[in-house]
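J.: Return a 3D structure for these sequence lines:
(chains A and B)
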Amino acid sequence: DAGVIQSPRHEVTEMGQEVTLRCKPISGHNSLFWYRQTMMRGLELLIYFNNNVPIDDSGMPEDRFSAKMPNASFSTLKIQPSEPRDSAVYFCASSLKTGGGLAQHFGDGTRLSIL
Amino acid sequence: DAKTTQPTSMDCAEGRAANLPCNHSTISGNEYVYWYRQIHSQGPQYIIHGLKNNETNEMASLIITEDRKSSTLILPHATLRDTAVYYCIVRVANGGSQGNLIFGKGTKLSVKP
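T.: Have a look, this model is predicted:
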C-alpha cells in the first residue's frame, strides 16, 4: 500500500518567495497532521485536520503559515512570505482517526531551505 | 513539554536484544504509551503502543510496569537497520487535542556489527 506521499522532497528558495508543500494521506485515513522538525526544537505539531476540517492550528508559528485540506486526499502547507528561519524538514502524517490507540503514519518529509 | 524521560543514547550489538527504557511517572489513566522511531532522513515510523498490558507485534515488544510509570521497548534481534532515534510518547486516548504527539529528544540507538 502507498504510504503518505509528500512533495517536493527538497525545496530551496530565496526569502520572500511563496512556498507550497503538498501531502497525499493514506487512502481512507481521515485525520491529517503537519509537523516541522529542526535541530533546535525537534518535532513540533503545526496543525491537524479531522475529516478535512482544521481542528487545532495552535502550533502554526505565525500568519505567514497557512494550511488547507480541500478534499480527503490532498493537503497543502503554504508559507508566504518565506524567511530563512522557516528552514526545516516538514512532515505530513495521517491516521484513521484521532483518539483511541490509532497510530499516525508519516511521509518522508520535505526538506526546505530558505536562503 | 514531553512527559517522558529516555536515555540520550544506547549501543547494542547486532543480533542481540535491544532494551530501550522510558520513564513516564506522571502518566494518566487514559494515556497510552507509544513508541516511534526515526531513521536518518526519513519520517517517524510507528512501532507499537499499549495502555497497561504488554504488547507484541512483528517489530517489537512493549513491557509496561504494573504501576505504568515506566516501560521498555524490546527489539528482540537488533540489526544494523534498527539504528535510529527511538521516541517514547504518552498520549491521551481521546478527545480534545489528542492528535498531538509530543516528541521529546528520544534515545539514539546505535546497532554495531
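J.: Show the end-to-end separation of stretch A:59-68, please.
T.: Its start and end residues considered, stretch A:59-68 measures 15 Å (C-alpha to C-alpha, to the nearest Å).
J.: quick one: which helix or strand includes B:R16?
T.: B:R16 belongs to no helix or strand when assigned by DSSP states H and E.
J.: give the contact list for it.
T.: B:R16 makes contacts with B:H77, B:A78, as judged by C-beta atoms under 8 Å, 6 or more residues apart in numbering or on different chains. C-beta: built from backbone N, CA, C; applies to glycine.
J.: pLDDT score for it?
T.: On pLDDT, B:R16 comes in at 96.
J.: B:N94 too?
T.: We have a pLDDT of 58 for B:N94.
J.: Which residue, neighbours along the chain excluded, lies closest to the one residue sitting closest to the centre of chain A?
T.: Centroid-nearest residue in chain A, with C-alpha atoms, centre = their mean: A:W34, separated by 3.0 Å. Excluding its sequence neighbours, the residue lying closest to A:W34 (C-beta to C-beta, 6 or more residues apart in numbering or on different chains) is A:L46, at 4.5 Å.
J.: Please report the number of neighbouring residues for the one you found.
T.: Applying other C-beta atoms under 10 Å in any protein chain shown, we find 20 residues neighbouring A:L46.
J.: Output the below-cut-off pLDDT ranges for chain B.
T.: Under the criterion pLDDT under 70, the flagged ranges of chain B are B:1-2, B:93-99.
J.: Same question for chain A.
T.: In chain A (pLDDT under 70), the answer is A:1, A:97-102.
J.: Spell out the residue ranges of the strands in the chain.
T.: In the absence of a named chain, chain A is used. With strands called from DSSP state E, chain A shows them at A:5-7, A:10-13, A:19-24, A:31-38, A:42-50, A:53-56, A:65-71, A:74-79, A:88-95, A:105-106, A:110-114.
J.: my question was about chain B
T.: Counting by DSSP E, the strands of chain B are B:9-13, B:18-23, B:31-38, B:45-50, B:55-56, B:61-64, B:70-75, B:84-92, B:107-112.
J.: so which of those gets nearest A:I79?
T.: Proximity to A:I79 (C-beta to C-beta) singles out strand B:31-38 among the strands of chain B, at 23.1 Å.
J.: residues in contact with the residue nearest to A:W34?
T.: For A:L46, the contacting residues are A:W34, A:Y35, A:R36, A:D57, A:G59, A:M60, A:P61, A:F65, A:A67, A:L77, by C-beta under 8 Å, 6+ apart.
J.: before we move on, back to that, okay, the strands of chain B in CSV with mean neighbour count and distance to chain A next?
T.: Formatted as CSV, the strands of chain B follow (neighbours: other C-beta atoms under 10 Å in any protein chain shown; distance: least, C-beta to the nearest C-beta, whole Å):
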stretch, mean neighbour count, distance to chain A
strand B:9-13, 14, 16
strand B:18-23, 20, 16
strand B:31-38, 22, 5
strand B:45-50, 19, 4
strand B:55-56, 16, 10
strand B:61-64, 19, 12
strand B:70-75, 20, 14
strand B:84-92, 22, 8
strand B:107-112, 17, 13
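J.: Any idea which of those gets closest to A:R9?
T.: Counting by C-beta to C-beta, and looking across all of these, nearest comes strand B:31-38 at 16.2 Å.
J.: mind checking how far the closest residue to A:V53 other than its chain neighbours is from A:N52?
T.: Nearest residue to A:V53 in three dimensions, chain neighbours excluded: A:M69, at 7.8 Å (C-beta to C-beta, 6+ apart). Here A:M69 is placed at a distance of 5 Å from A:N52 (C-beta to C-beta, to the nearest Å).
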